[in-house]
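[1] can you look at this prediction? I've put the sequence above it.
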Amino acid sequence: MHDHDLLQLNSPDPGGCATGHEGRAESAGEIPHTAGCPAADALVALAAGGPAEGAALDAALRACGLPPSGPYRVVVATTVGEERGPAVGALAEALRCSPGEPFAAGRLPGGEAVALVPVDPDAERRLSLGELWPTLYAEGPQTPLHAGISGPVRAPEGINSALGQARYALTVSRAQAPDRARATAVEDLGTLGALLAGVPAEVRTAFSTRVLGPLARGGGSHRMLVETLEIFLAHHGSWARTAAALQLHVNSVHYRIQRIESLTGRDLSRLEHKLDLQAALLCR
């Protein structure tokens, strides 16, 4: 990537599209990239406004040089706090460095940078972008840059739902790496802990407090019971292994688990109740 390309991306001309090689992409037979221009902003605004009318979406895609049929991925990027200006340039830079297809990147009124990327179903663009993002921006601005990447959607009508996926993955990126650059794809949300990281903090706290009951309030005996619960669940409900890990007699473990069940109203012989308590512990 040339220096003048980076300069264009980080300081897009509001009156025109920033495209590779000073706007000569299409004429030279190269992959067209559209970033930080009215056409790209209009496309992402249409995608964010709910399911769009087919003809309007088709016209917006064509205006950005994108194919009218999928599959597509949506990528959302933001910076933390008020410094949201660099997000569009950063997102476009990362997509240019990630080999693949054309893209359009625009800015929503709230400061989110959103890119629409037609993808090859057999390509692993999400992996290359996820690897590139922290490398590109590890030494970047003081304010960390975060990104979320949707799964592929087959038709333009699915772009709005893909935006929702990308925003959720973005929330996970912020939660898991608040102080450093990170990009997360929805395919990365393969564990309960990763999924819960995208739930708003106040919702996680409310759920954890409700499910754990008195255990959530702390205190010496309650902390001991929480530790017992964590180890019991980590050992898949094995009384013997839990007792060995805690250096207790099995009868003592039985007593503690009975206390936990009494305080939480859960039955730890039931899988769904174990899942409730595991989720509550992860939400703390």
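    Thanks, I have the structure now.
[2] can you list the domains in this protein?
    Following automatic domain parsing, one finds the domains of the chain at 3-189, 201-282.
[3] give me the mean pLDDT for the longest one.
    The one in question is domain 3-189. Regarding domain 3-189, the rounded mean pLDDT is 76.
[4] how about stretch 247-261?
    Mean per-residue pLDDT for stretch 247-261: 97.
[5] identify the residues contacting it?
    Contact with stretch 247-261 is made by 215, 224-225, 228-229, 232, 239-240, 242-243, 246, 266-268, as judged by Cβ atoms under 8 Å, 6 or more residues apart in numbering. C-beta: built from backbone N, CA, C; applies to glycine.
[6] let me have these in JSON lines, extended by secondary structure, neighbour count and distance to Ser128.
    Below are the contacts of stretch 247-261 laid out as JSON lines (DSSP: H, G, I helix; E, B strand; the rest coil; neighbours: other Cβ atoms under 10 Å; distance: Cβ to Cβ, whole Å):
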{"residue": "Leu215", "secondary structure": "helix", "neighbour count": "23", "distance to Ser128": "44"}
{"residue": "Met224", "secondary structure": "helix", "neighbour count": "13", "distance to Ser128": "47"}
{"residue": "Leu225", "secondary structure": "helix", "neighbour count": "20", "distance to Ser128": "46"}
{"residue": "Thr228", "secondary structure": "helix", "neighbour count": "21", "distance to Ser128": "44"}
{"residue": "Leu229", "secondary structure": "helix", "neighbour count": "26", "distance to Ser128": "41"}
{"residue": "Phe232", "secondary structure": "helix", "neighbour count": "24", "distance to Ser128": "41"}
{"residue": "Trp239", "secondary structure": "helix", "neighbour count": "14", "distance to Ser128": "47"}
{"residue": "Ala240", "secondary structure": "helix", "neighbour count": "10", "distance to Ser128": "46"}
{"residue": "Thr242", "secondary structure": "helix", "neighbour count": "25", "distance to Ser128": "43"}
{"residue": "Ala243", "secondary structure": "helix", "neighbour count": "19", "distance to Ser128": "47"}
{"residue": "Leu246", "secondary structure": "helix", "neighbour count": "17", "distance to Ser128": "45"}
{"residue": "Arg266", "secondary structure": "coil", "neighbour count": "21", "distance to Ser128": "43"}
{"residue": "Asp267", "secondary structure": "coil", "neighbour count": "10", "distance to Ser128": "46"}
{"residue": "Leu268", "secondary structure": "coil", "neighbour count": "17", "distance to Ser128": "43"}
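[7] about what we covered before: okay, the domains of the chain in a markdown table with distance to Leu195 next?
    Listed next are the domains of the chain as a markdown table, based on distance: least, Cβ to Cβ, whole Å:
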| stretch | distance to Leu195 |
| --- | --- |
| domain 3-189 | 5 |
| domain 201-282 | 9 |
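[8] closest to Gly110 among the contacts of stretch 247-261?
    Nearest to Gly110, judged by Cβ to Cβ, of those is Leu215 at 38.3 Å.
[9] dead centre of the protein: give me the residue that sits there.
    By Cα atoms, centre = their mean, the chain has its centre lying nearest to Ala169, at 1.4 Å.
[10] about what we covered before: and the contacts of stretch 247-261, which two are furthest apart?
    It's Leu215 and Ala240 that sit farthest apart of those, by Cβ to Cβ, at 23.6 Å.
[11] so His146 sits in a helix?
    No. The assignment for His146, made by DSSP: H, G, I helix; E, B strand; the rest coil, is strand rather than a helix.
[12] ok, the residue nearest to it when sequence neighbours are not counted to Ala115 distance?
    Once flanking residues are discounted, His146 sits nearest to Ser173: 4.1 Å by Cβ to Cβ, 6 or more residues apart in numbering. According to Cβ to Cβ, to the nearest Å, Ser173 and Ala115 sit 15 Å apart.
[13] same question for Asp188.
    For Asp188, the distance to Ala115 - Cβ to Cβ - is 18 Å.
[14] out of the two, which sits in the more crowded spot?
    Ala115 (29 against 18; other Cβ atoms under 10 Å).
[15] Three-state assignment for the more buried one, please.
    Here Ala115 is recorded as strand under three-state DSSP.
[16] what's the top helix by length along the chain packed up against?
    Scanning the chain for the longest helix, with DSSP state H as the assignment, gives helix 159-176. Counting contacts by 3 or more Cβ pairs under 8 Å, 6 or more residues apart in numbering; DSSP states H and E, helix 159-176 packs against helix 38-48, strand 72-79, strand 113-118, strand 145-149, strand 182-185.
[17] which residues touch that helix?
    Residues contacting helix 159-176 (Cβ under 8 Å, 6+ apart): 47-52, 57, 72-78, 80, 114, 116, 146-153, 182-186, 188-189, 194, 197-198, 200-201.
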